[in-house]
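Trainee: Here is my input; please provide its structure:
(chains A, B and C)
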Amino acid sequence: MINAVTCPICGCLCDDIEVTVVNNEVVKIKNGCAVCEAKYLGYKSAHRIKQPLIRKDGKLVPVSMDEAIHKAGEILADANYPILYGWSSTNCEAQRVGVELAEEVGGVLDNTAVVCHGPSLLGTQEVGIPTSTLGQIRHRADVIIYWGCDPWSAHPRHLERYTSFTEGRFEDSEWKAYLNKVKASAGRKKLLSAQRRKEPKKQHATAAESVVFNKPPETLQKEGRKLIVVDVRKSMSAEMADYFIQVQPNKDYELMQAMRALVRDEELDVDQVAGVPVKYLREVVDVLVNCNFGVIFFGMGLTHSAGKFRNIEVAITLTRDLNMRTKFLIMPMRGHFNVSGANIVFAWQSGYPFGVDFSLGYPRYNPGETTSMDILLRGESDAALVIASDPGATFPKRAIQSLVKHPLIVIDPHMNATAMLGDVVFPSAFVGIEEEGTAYRMDNVPLPLKKVVEPPKGVLSDEAILKRILKEVRLIKSQKTNQKTEAA
Amino acid sequence: MIVLTPLKKFQFPVQAENISPDVFQGKSVKKIASLTVWEGNKQKKLGDLFKIEETPAEAPDITINGDASEVRRVGQGMKTGEIIINGNAGMHLGEKMAGGKITVNGNASGWTGSSMKKGLIEIHGDASDYLASPYRGSSEGMRGGKIVVDGNVGSDSGCYLRGGEIIIKGNSGPFLGFHISKGAIYVEKNAGPRLGANMTGGKIIVSGVVEDLMPTFTVDGVKKKAKVDDDLKVEGPFYVFLGDLAEHGNGKLFISQPSNPQLGPIYDKYL
Amino acid sequence: MTEMLIKNSFVFDPLNGINGEKMDIAIKDGKIIESVNDRSAKIIDATGLTVMPGAVDIHTHIAGGEVNTGRMIRPEDHIKDVVRKTALTRSGTGYSIPSTFVTGYRYSKMGYTTVMNPSMAPLGAKHTHEELNDIPLLDKASYPLLGDWWFVLEYLQKGDLDGCARHVAWMMETTKGYAIKIVNPGGLESWGFGRNVHSIDDPVPNFGITPREIICGLAKVNKMLNLPHSIHLHTNNLGIPGNYVTTLETMKALESVATEGKPVCHITHLQFSSFAGDNWGNMRSAAEEISKYINAHNHMTFDMGQIIFTDTTTMTADGPFEYTLYQLSGHKWVNSDVETETSGGIIPMRYKRKSAVNATQWSIGLELALLVKDPWKMFMTTDHPNAGPFFKYPKIIAWLTSRKARMATLKKCHKKAQRKSLLPSINRELSLYELAIVTRAGQAKALGLKDKGHLGVGADADVAIYNINPEKLDIAQKYKTARRAFGNAAYTIKDGIVVVKDGEVVQHVDGKTMWLDVEASEELKVDEDMKRKFKQYWTVEYENYPVFDHYVKISDPITVKASV
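Mentor: Reported below is the predicted structural model:
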C-alpha cells in the first residue's frame, strides 16, 4: 500500500490518497472521491493506445517510435504557425519541455485555460486578486461562498478538505449541522410525499420550494461557518447551502456590481437586481461585511457566462472592496489537476501564463489574437501538437475542422476524440499513476505526484516524448541550414 | 503615394508595423520593398508579400488595395500622414497613433486605435472588439483624437477612455466605455449591456435602445440635447444617469427617452 | 578542467585587503589558485581593466510563487521589454519582473555570480527551487519565511528556545533554505484576519507573543544553530511615516542578543524603514538618526533598498503593507496569504521624481549608504523589484561613487524633496574598493559564504572584469562611462568559465543552489505527534511537504553544526 499519493484529476489535488497495488495493478483506493477511484481503477481501459501511430492512406497504422518522432519533427520544423496545445493533465517537467519546443519551432503555446479559467487569469491581469492558500480558508473562514460552481459534482472533496466541513484552528466543521439539516429535509420530503399520496388532486408545495429559496437570509444569522451558494439553478451544492441565491442567467455582473455599491453605502434606484430583491441583497451584504473572514470560490458559471473575464474582474473587485471592512478572499476552482502548473511554468519561463506566441522569436501574449481557439477559428495555423487534453471533444466544430485540416500530432494515453483525428499519435504514460512529477493545486501549492505502477511496455512519459521531438526538430532544422549554406 | 496590393490571401498573421507613413517617408520603392515584415514565424521583406507601386498623387501617403484582414499593426504609432485601406483591416490598426488619418473602406479587426493619442480613424464598415481599448492589464486608454465607425462595434470598446471621441453610427456590443474617465462616446443606434460599467467620468450618449442598464446608475434628470463635441450635438430628449456608483463615479449616461420606454416605470418616479 | 590566467589587471579584493594592485589571478578547476602554467592556461589579457570578485546580491525577489504571480498579472510590464532567442540563449521578457532565463542573463551581464532569493514561503518552496533551477549563470539560495510560522510563535511563546531551534533546523533542511527570514513579525499572522501589529510590543492576536519576542527569540535560535548568515529582517511598520522609531527600537532590542562583535541581525531594504514625520505630507528622511545608531553599534548589517525612478512592481511577504499601498494608489492588488506560515502582496508602483515622497525615498537610500561610515555594514540593493529592477544597479553605482551623478538626479526631483535632502551636504564618494565591499565582499561576508566575494586562494572562480582603468578614468566625473562599464562586464567568469564577454552571454552554465544541512545533536523527532500536528496545521501531507533532492538541479549543501 502506498500512502500520501496525490490524486491526478482535479484542482483539489488531494494528497492523502492510499493506493493498494498488486502485481502492477491498482486494486484499491482509500480516501479518494468517486472520480478519483474511477480513474485509478479504470486507467487500464481498452482505449489505451499501445503503439505510436501514423495516418497512412486515411488510416492510423502502428509504426516504430523513431518513424513517428521523425514525422512529428518534420511537421513542426516545417510549420509556419503551429499550435502546441493542452498541457493541463501532465506534469511540470513535461510543460517545461513544451515551452522550449514552442520556442524552437516559433509556434503558439496554449493550455486548456483558454476554454476554462482563462477569463480568470485575464481578470487578475486587470485588477489583481486577494487570495490565499486553501489552509487559510480551513482555519479562518466563517463565510464561504460558491459562486457559479458546483463543488459537490466537480470538486467532490473540496468542502470536507478545505471549507465548510473541515476543522480549522479558529473555526469548527459544520458537518454535524449539515447532517441535521439533511435529516430534517428528508423528514419534510417524506411528509410532503405522504400528503401528495393522500390528496393527489391538490396543489402541494414541492420539496424544492421548502428549502431556502429567494427568501431573506435569516439562516445566515447562525453561529459557525455559513455556506452561501449563488447559481442559476439549484445545484447539488445549493442544496447544502445555508442560503441559496438564484441569479438570473448572464446577470452575475450586475449582481456583483450592485453588491459593490451597497458595500460602499450607495443607494440604488432599482428594487431588484438579477432577480434578487435589493432588500435581501442588503442583508446579504451585511452578513459579508460583518463576518470574520469570507471567501468566494467561483467557476464556469462566471467564466463562461456573458461578461466572461469582466465577471471575474467584478468578483475580484467586490472581494477587494470588502477588504475595506473585513477580511475577504477569492479563489478560482481550477479544473484539471495541473492546469495551474501549466500557467505557472509558462509564466516563469516566458512571462505569460497561456496563449504565448513565439513566432517572432520572443514571447508575445494577447488573448483573442494569440490564443489557440481564436487562431483555429480564423484558420491561421498550419500544424498542431495536442497533449494532455482533448480539444477534439471540447472545441467548437469550426475550430476542430481547422485542426484536422492541417497535420495534427497527438500525445495521450487514450485514443480520445483528438487522437482519433490525429496524423501522428503517441501513447503516453498517465502522470500521477505511471509517471511521477510535480503538479500545482488550484491555490498554486506545488505537490509531488507519485508513480504507483509501471506504464505498459513501450509507453513513454510525455516528457520523454517531447524531448525526443525537440531533439529531432533541432536536427532537421540544422540539416536544412546546412543544405542552404551548401547551396549558397 | 505608395500603393500596396497583397500578393496572395494571407493565411498566417502578418506583422506589419513598418507600413506607416513615418516609416515610408523619404524612402524609395526599392527601400520600402526591403523593409522587414513577418509572416507567421518567417521573417520576410515587404516586397515578398505586397506589390509595391508609387504614384505621383500626394495623398494619401499609403493605400492598401485588397483584403488586409491578416495584416496587423498597420499605422502603429504613426505621427503624420494618411493611410487608406480599400478592404478589411487587420488587428492593432493605428495602435498608439499620435497623428494623421486612417480610413478603412471595409471592416476593422480587434484593437483598432488602441491607446490612441491623436489623429483620426474612419471605419466605413464594422469595427471588432476592443476598439480604442488598451492592452491587457493596462489602464492607459485612448487619450485624444477621434474614431468614427459607420457600422457596428464589438465588445469592450472605448475601455479606460480618457480623452477624445468615439462615434458609432451602428450598434455597440457589451461593456462600451468600461471605466471611462474622460472623453465622449456616441452610439447612434443600440448599445449592448453593461454600458459604462465602472465609469468614473466622461459621457456616453445613446440614441437607440440600451439593453439592460446597469443597476449602479442613478437617474439625475432629463436633457433636451447632448453634446458629443464641438462639432456634434445630438437631439434628445435624454435621461441623464450618473454613475458608476460602485466606483463613486461622476460619469454621465445620456440615454434616449423615446427609444427606451422600458426605463420609464423604474426611473420616472425619481424625476 | 581548464586553467585560466587573468593577467595584469587592477584587482579590488577587500576581503584580502587588495586595493587596486596590478595582479594576475590564476584559476584551475573552477577555483582560484596560487599560479598556473602560462603556456597551457587560457589567457585573458585584462591590462587596464578592473577585476573584482563576482558580485553578490543579498536580497532580490527572483523566484517563487509570489514573484511568478507578479509576472502573471503584469503582461503590460512585459510587452515593453522583450528578449529574443539566440542560438545560445532562451527568449523571455522583462521589465520589472523578468522571466527566469532573462534574470540569469541580465545579472551575469553586470558581473553578478551569486544571488539570494529572500522570501520563500515554505509551503511553496518546491516552486521557488524549480524557478531557481531555471536561472542560469548564477549560484543561488533562498530564505524561508519563519517569523510568523505557527511553530515558531508557539515555541517562543512557551519560552522553549531549544524546541524552536530544532524546528527551525528541520525547516531549513526541509525547504533547502539558507537563512531565517522574518517579515513584519507578528504582522503576517495578524493579517490572517486582516489586522496588523503597530509596534514591536504589540501582542499578536491568538498567540500572545510580541514582535520583540519573535525577533530576539529567532536571533538567539540563529546563534544556537550557528547559521552562516544572521537573521534577515524586514521591520515592523515598514513604509509608514515615523517608522524609524520602530527601527531604532528593533535594533536596540537586539543589543542584548549581540556578543562577540558578530552581527546578529541584517535589516533589509533599510530605506523603507527610515521615515520620519507622521504623515505623507511631512514625511522626511531619518537617515541621520538611523546612521548615527549604526555608526555606534556593530551588531547589525543592512542593505539599502534604493529607489529607482521607474515603473516597477512591489512584492513582499508584508501583506498588510501591500494593502496599504493599494489604498494609496488604487492599482491592481494581489494578496497571497499562506496557511500556517506567512502572508504576501503584490502591487505595481511607479516612483516619480516629481513625487515629493518618492524623491525623498530616493534620497534616503543614498543618505543611509553614505552616512554609514563602515562600508562593511551597508550593502547595495533595490530589494528588486520593490524599489526598482536589478538591472538598474549601475545607476546606483554612479550615485554612490559620484556626487555629480547624485546632484544631477536630485535637481530633477520635486522641490520639496530637494530642500529636505541631506545629499547636498554629503561629499563622500565611494572608492572602487568600497564599491567592491558593498556589492560583493561585504555581502558575501555577511552571508557567511566563505568561498564567495573574494579572490583569495580557494575561493570559487567567480570573477567580474570591467572596462574601467582606475588610473585613467575618474568614475566620479565620468559617471556615465562608469555606469556603462558596470552594466556590461568585459568578462564575467563563473566557476572558471567565461560566460559573458563584452556584455553578451557566450556560454551557458547552470549554477548551483546552496542550502544548509543543519546537524543538530538532537534532531527533531518527526513522530506521530508531530505528524498529527502537521495534518492539523497544513492541508498537505507531511510526506509531501519537503523539497526532495530532485527538485534542486545542482545541489550544494553546506553542513552546519548546530549547538543544540
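
Trainee: Can you pull the residues of chain B lying near chain C?
Mentor: Contact residues, chain B versus chain C (Cβ under 8 Å from any Cβ of the partner chain): B:134-138. C-betas here are computed from N, CA, C, even on glycine.

Trainee: Buried only: go through the residues you listed for me.
Mentor: For those, a burial check counting by 16 or more other Cβ atoms under 10 Å in any protein chain shown picks out B:134-138.

Trainee: and the residues you listed, which of them are in strands?
Mentor: If you go by DSSP state E, these have nothing in strands.

Trainee: In TSV, list those along with distance to B:Leu213.
Mentor: Output for these, formatted as TSV (distance: Cβ to Cβ, whole Å):
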residue	distance to B:Leu213
B:Pro134	25
B:Tyr135	29
B:Arg136	27
B:Gly137	28
B:Ser138	28
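
Trainee: domain assignment for chain C?
Mentor: With domains defined by automatic domain parsing, chain C comprises C:3-53+C:458-505, C:55-447.

Trainee: so of the ones you listed, which one's packed in deepest?
Mentor: Highest mean neighbour count among these (mean count of other Cβ atoms under 10 Å in any protein chain shown): domain C:55-447, with a mean of 23.

Trainee: Remind me which helix or strand the closest residue to chain B within the stretch 301-450 of chain A belongs to.
Mentor: Taking Cβ to the nearest Cβ, chain B has its nearest neighbour within the stretch 301-450 of chain A at A:Ser359, 3.9 Å off. According to DSSP states H and E, A:Ser359 maps onto no helix or strand at all.

Trainee: That one and A:Glu104 touch, don't they?
Mentor: No. Look at A:Ser359 against A:Glu104 with Cβ atoms under 8 Å: they stay out of range, at 11.9 Å.

Trainee: higher neighbour count, these two?
Mentor: Set A:Ser359 next to A:Glu104 and count neighbours by other Cβ atoms under 10 Å in any protein chain shown: A:Ser359 wins out with 24 against 18.

Trainee: Excluding covalently adjacent residues, which one is nearest to that one?
Mentor: Nearest residue to A:Ser359 in three dimensions, chain neighbours excluded: B:Asn41, at 3.9 Å (Cβ to Cβ, 6 or more residues apart in numbering or on different chains).

Trainee: chain center to stretch A:248-259: distance?
Mentor: Using Cα atoms, centre = their mean, to the nearest Å, the mean C-alpha position of stretch A:248-259 is found 23 Å from that of the whole chain.

Trainee: what is the mean pLDDT for it?
Mentor: For stretch A:248-259, the mean pLDDT works out to 97.

Trainee: Next secondary structure after the helix or strand bottoming out on mean pLDDT in chain A?
Mentor: Within chain A, confidence by mean pLDDT, DSSP states H and E is lowest for helix A:207-210 among all helices and strands, at a mean of 44. As assigned by DSSP H and E, the chain's next helix or strand after helix A:207-210 is strand A:226-231.

Trainee: Contacts (any at all) between chain C and stretch A:97-104?
Mentor: Yes. Using Cβ under 8 Å from any Cβ, we find that stretch A:97-104 touches chain C at A:100, A:103.

Trainee: Could you dump the buried ones among the residues of chain B next to chain C into TSV with pLDDT and distance to chain A added?
Mentor: Output for these, formatted as TSV (pLDDT from 0 to 100; distance: Cβ to the nearest Cβ, whole Å):
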residue	pLDDT	distance to chain A
B:Pro134	98	10
B:Tyr135	97	7
B:Arg136	96	5
B:Gly137	96	4
B:Ser138	97	9
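
Trainee: Tell me the one among those residues nearest to C:Asp160.
Mentor: Nearest to C:Asp160 among these, counting by Cβ to Cβ, is B:Gly137 at 47.4 Å.

Trainee: Report the central residue of the chain.
Mentor: No chain was given, so I picked chain A. A:Gly335 (1.8 Å; Cα atoms, centre = their mean).

Trainee: could you do chain C instead?
Mentor: By Cα atoms, centre = their mean, chain C has its centre lying nearest to C:His59, at 0.9 Å.

Trainee: so it is in which element?
Mentor: Using DSSP H and E, C:His59 maps to neither a helix nor a strand.

Trainee: I'd say it and C:Leu233 touch.
Mentor: No. C:His59 sits out of contact with C:Leu233 when judged by Cβ under 8 Å, with a separation of 11.0 Å.

Trainee: what sits in contact with each of those two?
Mentor: Common contacts of C:His59 and C:Leu233, defined by Cβ atoms under 8 Å, 6 or more residues apart in numbering or on different chains, comprise C:Thr268.

Trainee: which ones are touching A:Glu472?
Mentor: Contacts of A:Glu472 (Cβ under 8 Å, 6+ apart): A:69-70, A:72-73.

Trainee: Tell me who's in contact with the closest residue to chain C within chain A.
Mentor: For chain A and chain C, the shortest gap (Cβ to the nearest Cβ) falls at A:Gly135, measuring 2.5 Å. Residues in contact with A:Gly135, defined by Cβ under 8 Å, 6+ apart, are A:162, C:123, C:338-340, C:537-539.

Trainee: Contacts for stretch A:147-154, please.
Mentor: A:10, A:155, A:158-159, A:229-231, A:235-240, A:252, A:296-303, A:305, A:311, A:315, A:333, A:335.

Trainee: of those residues, buried ones?
Mentor: For those, buried by 16+ other Cβ under 10 Å: A:10, A:155, A:158-159, A:229-231, A:235, A:237-240, A:252, A:296-303, A:305, A:311, A:315, A:333, A:335.

Trainee: Give me the distance between the nearest residue in space to C:Arg428 that is not next to it in sequence and A:Val21.
Mentor: Leaving out its chain neighbours, the residue that sits closest to C:Arg428 by Cβ to Cβ, 6+ apart is C:Leu370, at 4.8 Å. According to Cβ to Cβ, to the nearest Å, C:Leu370 stands 66 Å off from A:Val21.
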